[in-house]
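S.K.: Okay, sequence plus prediction incoming.
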Amino acid sequence: MNRTRVFAAVGTVALAAGAVLPPAAAAQAGVSGEAFYVDGVAYRTVATPNDLSGTGAPVHSFDVIYDLGGHQLNVAEAAPGDTDYSGGRWLVHAVTFPSGYDAALAAGDLDGDDILGSAETTR
C-alpha cells in the first residue's frame with residue numbers, strides 16, 4: 001500500500017471517529033453548546049486556549065464579541081459565512097449593567113423572550 005492510500009485510510013478512520021464523538025469527549029475537546037448570537041441566530045464554538053492579544057495583529061483583523069457576563073449568550077458582530085467574519089478571532093468587550101441586568105432586561109427585551117435584543121433581531 002502506498003503512502004497516499006495509508007494517509008487516506010487514516011484520515012477516513014479519523015473522520016468517522018470524529019463523527020461519532022460522544023458529547024463528553026466533544027466537551028473535553030473544547031466544543032461547546034450554543035455560545036453566542038449573531039443577528040438573532042445562536043452559534044456554538046470551539047474554545048481554544050490561544051491568547052492573540054500580544055501578536056501585534058491589527059484590530060480590524062478581529063471580530064467584536066460582547067460578553068454579557070453570563071446573564072445570556074454573548075453577542076458577536078459577525079458569524080461564519082459572513083463576508084467580514086475573521087475566523088473566530090474575537091476582540092472581547094465586557095458589557096456592564098449600571099442599574100443591574102434585570103433593569104436592562106426590563107428596558108431592552110423587545111419581544112418578551114428574556115433576552116436583550118434589538119428591534120432588528122425581533123422582526
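M.R.: Arrived safely, thanks for sending.
S.K.: what sits against residue 95?
M.R.: Each residue near residue 95 by C-beta atoms under 8 Å, 6 or more residues apart in numbering is listed here: 66-69. C-beta coordinates here come from the backbone N, C-alpha and C atoms, glycine included.
S.K.: if I read this right, residue 34 contacts residue 41, doesn't it?
M.R.: No - taking contact to mean C-beta atoms under 8 Å, the distance of 9.7 Å between residue 34 and residue 41 leaves them out of contact.
S.K.: All the strands of the chain, residue numbers only.
M.R.: Per DSSP state E, the chain has strands spanning 31-38, 41-46, 63-67, 74-76, 90-94. These are given in chain order.
S.K.: Could you export those strands as CSV, including mean neighbour count, distance to residue 82 and mean pLDDT?
M.R.: Below are the strands of the chain laid out as CSV (neighbours: other C-beta atoms under 10 Å; distance: least, C-beta to C-beta, whole Å; pLDDT from 0 to 100):
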stretch, mean neighbour count, distance to residue 82, mean pLDDT
strand 31-38, 16, 8, 82
strand 41-46, 13, 11, 85
strand 63-67, 17, 9, 92
strand 74-76, 21, 10, 91
strand 90-94, 13, 14, 90
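S.K.: Residue 53: which of those strands is closest?
M.R.: For residue 53, the closest of the strands of the chain is strand 90-94, at 8.9 Å, according to C-beta to C-beta.
S.K.: Run through the chain and note the low-pLDDT ranges.
M.R.: 1-31, 118-123 (pLDDT under 70).
S.K.: 80 instead?
M.R.: By pLDDT under 80, the low-scoring segments of the chain are 1-32, 46-53, 117-123.
S.K.: And residue 72, how far from residue 105?
M.R.: If you measure residue 72 against residue 105 using C-beta to C-beta, to the nearest Å, the figure is 9 Å.
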